[in-house]
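In: I need the structure of the sequence given here:
(one chain, ligands or ions: 1)
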Amino acid sequence: MEKIYITTAIPYVNGVPHVGHALDYLLADTCSRYQKMLGNDVRFQAGTDEHGNKIFQKAKELNVPVQEYVDENAKKFQDFIHLLGAEYTDFVRTTDKDHEKRVQEIWKKLSDHIYLAKYEGWYCTGCERYITDKEYEENHGVCPDHQKPYEKLAEENYYFRLADFKDKIREAISSHEILILPEFREKEILKLLDDSPDVSISRPKSQLTWGVPVPDDENQVMYVWMDALSNYITVLGYPDKDISDFWPAYAQFVGKDILRFHTILWPAMLMALGLPLPKTIVSHGMILVNGQKMSKSIGNVVDPLEVLDKHGTEAFRYYFLRHIDTFADSDFTWDKFEDAYNNELANDLGNLVQRLATMCKKNGFSLSDAPEIEISKEYQDLMNEFRFKDAFDFAWDKVQNINKKIDDKKPWVLAKENKEKELSEVLKELVTDITEVNKLLSPFLPETSDKIAKIFVNEIMPPETPLFPKK
Ligand code: MSP
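Out: Have a look, this model is predicted:
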């Protein structure tokens, strides 16, 4: 049994959960469930990123005390993760006292690589990121993601000497000691690494109050990303506890927009701490609506709670794990969602289960022994390569093949002709097939898979209500 640690990006709590956030949780949860199915011991972290000006300003705007504001929103994220059926084991909030104390200890451990200097340049509060002059020029002074002009900063900050680690990071990425997925992003990151200056890792208290104080300097507060990235190890207890049973992480799930932090600053911090690097950083694409970025100003924001409320957890998981590409940008549209629900979940799977279970019951068929199930190598390879959508497609092909097999073998004709032995053989084959495919579906659709397993065990009983009623 292996010990597997899986992490998700911790969202800023300056708003409510949106569909984009769901991707991290669903990919990580699928991975976690698959690893558990293999018998591994999994720790699965989730959490919330609660410091920084973006959050502070939002609370002020709403006239709510900031702690109250983050408490409320952190709770919404926890509820959201539960609604998605994602089974995390650890939840970290960056305002947790334990986390704050541990981040300060981490800072002290990094001190050989930290120096004080003047920063004069640009910042984007939306991204909570320092902007290089080159980027400033390329984007004509306006953040393309937030449509806001970059702010000019001239202040004294602490810097992290990235230069101490650049060669080692380049080597770790190129040798796949830390594997970046999808692999085509590797080049992009290596280029960014070459262009990355030392990283400013604090802000003067006059500019940022809502953050972890820098140890031994009452005038400075830590830069949110230092604080946030540390969550992956503080939640395991670092540096108070030995974390070597679960660290390095098996997989860290993040969106492509924050891949740079996880493959440049994060490895540098880990190297400075003398900790091993995560094995894989899996970056997913963005969810678009009709090919466009979701944005409040366009008014095309899809509320995940509305989707969950209308169609339930399993339908949500189905769409986001199969119709949203694991690695590339993909579209959400209600039409596509509803088509997938009715034609695939309700027809291909729901009807299949109903039809087959009804046939078994009508003909008094049940399996004497639960079939031995071997998980096919092809599926395992896809899952091990984090190609979840492809693995889901692979399982779904099998669902469709069972439907074809029923149409070809026409068990109802065998029943009519009283060919009992043949009928029983066909039903046995079909039930074995569905039991096998059900296992492959279980990391994606855990609740449905549990239901199907119960329907086809011992005395086969068709479900009283369809698994996915047509809408
Ligand atoms: N707080 C940082 C992460 C710190 S991790 C140490 C952050 N927060 S976020 O709320 O902006 O994003 C959280 C996650 O949601 C990221 O993985 C991000 O890529 C993902 N998404 C946010 N919007 C998204 C879409 N529209 N589509 C897909 N994923 C998106 O970044």
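In: can we go C-alpha only for contacts and neighbour counts from here?
Out: Fine.
In: element containing residue 378?
Out: helix 377-384 (DSSP states H and E).
In: who's in contact with that helix?
Out: 31, 34, 388, 390, 391, 394, 395, 440 (C-alpha atoms under 8 Å, 6 or more residues apart in numbering).
In: now tabulate those residues in TSV and tack on pLDDT and neighbour count.
Out: Shown next, in TSV, are these (pLDDT from 0 to 100; neighbours: other C-alpha atoms under 10 Å):
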residue	pLDDT	neighbour count
31	98	23
34	98	22
388	98	23
390	98	17
391	98	24
394	98	17
395	98	19
440	98	25
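In: of those residues, which is the nearest to residue 144?
Out: Minimum distance to residue 144 across the contacts of helix 377-384 is 29.9 Å, recorded for residue 388 (C-alpha to C-alpha).
In: residue 423 touches residue 415, doesn't it?
Out: Yes - Residue 423 sits in contact with residue 415 when judged by C-alpha atoms under 8 Å, with a separation of 6.5 Å.
In: the two: which is more packed in?
Out: Higher neighbour count among residue 423 and residue 415: residue 423, with 23 against 17, using other C-alpha atoms under 10 Å.
In: next, that one: secondary structure please.
Out: Using DSSP: H, G, I helix; E, B strand; the rest coil, the structure places residue 423 in helix.
In: rounded mean pLDDT for the helix holding residue 378, please.
Out: Average pLDDT, helix 377-384: 98.
In: what's the first helix or strand after it?
Out: With elements assigned by DSSP H and E, the helix or strand that comes after helix 377-384 is helix 388-409.
In: distance from that next one to the middle of the chain?
Out: How far helix 388-409 lies from its chain's middle: 26 Å, per C-alpha atoms, centre = their mean, to the nearest Å.
In: same thing with stretch 153-173?
Out: From the chain centre to the centre of stretch 153-173 is a distance of 27 Å (C-alpha atoms, centre = their mean).
In: OK, contacts around the nearest residue to residue 129 once chain neighbours are set aside?
Out: For residue 129, ignoring the flanking residues on the chain, the nearest one in space by C-alpha to C-alpha, 6 or more residues apart in numbering is residue 123 at 5.8 Å. Taking C-alpha under 8 Å, 6+ apart as the contact definition, residue 123 lies against 129, 130, 131, 150, 151, 152, 153.
In: show me how far stretch 425-442 is from its chain's centre.
Out: That offset, for stretch 425-442, works out to 29 Å (C-alpha atoms, centre = their mean).
In: burial of residue 176, as a residue count?
Out: Look at residue 176: counted by other C-alpha under 10 Å, it has 14 neighbours.
In: that one and residue 381, how far apart?
Out: Relative to residue 381, residue 176 is positioned 18 Å away (C-alpha to C-alpha, to the nearest Å).
In: now swap in residue 234 and tell me
Out: 32 Å.
In: neighbour count: these two, which is higher?
Out: Legend: neighbour count by other C-alpha under 10 Å for residue 234 and residue 381, higher for residue 234 (24 against 12).
In: pretty sure that one contacts residue 103?
Out: Yes - counting by C-alpha under 8 Å, residue 234 touches residue 103, with 7.2 Å between them.
In: point out the residues in the chain that sit beside the ligand.
Out: 9-12, 20-21, 24, 49, 228-229, 254-258, 285-287 (C-alpha under 6 Å from any ligand atom).
In: residues of stretch 343-362 that come out buried?
Out: Buried residues in stretch 343-362, counted by 16 or more other C-alpha atoms under 10 Å: 344-354, 356-360.
In: cool, and stretch 400-420?
Out: 400, 402, 403, 406, 411, 414, 415.
In: which one of the residues you listed is nearest to the ligand?
Out: residue 400 (29.3 Å; C-alpha to the nearest ligand atom).
In: for the closest one, give me its contacts.
Out: Neighbouring residues of residue 400 by C-alpha under 8 Å, 6+ apart: residue 348.
In: if I look at it, how far off is residue 343?
Out: 12 Å.
In: do the same with residue 306
Out: 21 Å.
In: which sections of this protein are below the confidence cut-off?
Out: Applying pLDDT under 70 to the chain flags residues 296-297.
In: quick one, phi psi at the closest residue in space to residue 428 that isn't next to it in sequence?
Out: Using C-alpha to C-alpha, 6+ apart and skipping the chain neighbours, the partner closest in space to residue 428 is residue 367 (6.9 Å). Residue 367 adopts backbone torsions of phi -90, psi 130, taken as degrees, to the nearest 10.
In: and what of residue 175?
Out: Backbone torsions for residue 175, taken as degrees, to the nearest 10, come to phi -90, psi 0.
In: does the residue nearest to residue 129 count as helix, strand or coil?
Out: In three-state terms, and counting by three-state DSSP, residue 123 is strand.
In: show me what it is bridged to.
Out: Per DSSP bridges, the residues bridged to residue 123 are residue 130, residue 151.
In: now the residue in the stretch 101-250 of the chain that the ligand sits nearest to: how far from residue 94?
Out: With C-alpha to the nearest ligand atom, the shortest gap between the stretch 101-250 of the chain and the ligand falls at residue 229, namely 4.0 Å. Between residue 229 and residue 94 the computed distance is 10 Å (C-alpha to C-alpha).
In: again with residue 148
Out: When C-alpha to C-alpha is applied, the distance between residue 148 and residue 94 equals 26 Å.
In: which residues are in contact with the closest residue to residue 2 other than its chain neighbours?
Out: Spatial nearest neighbour of residue 2, excluding adjacent residues (C-alpha to C-alpha, 6+ apart): residue 40 at 5.0 Å. By C-alpha under 8 Å, 6+ apart, the residues touching residue 40 are 1, 2, 3, 4.
In: quick check: the farthest pair among those?
Out: Distances among those were taken as C-alpha to C-alpha; the most separated pair is 1 and 4, at 9.3 Å.
In: please save the CA atoms from stretch 197-204 in CSV.
Out: C-alpha atoms of stretch 197-204 as CSV (Å, rounded to 0.1, in the frame of the first residue of the first chain):
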residue,chain,number,x,y,z
PRO,A,197,13.5,37.9,-11.5
ASP,A,198,13.9,37.4,-7.8
VAL,A,199,10.4,37.3,-6.2
SER,A,200,9.2,40.1,-3.9
ILE,A,201,7.6,38.2,-1.0
SER,A,202,6.3,40.9,1.3
ARG,A,203,4.5,44.2,1.3
PRO,A,204,4.8,47.1,3.7
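In: looking at residue 229 and residue 94, which is more packed in?
Out: residue 94 (25 against 20).
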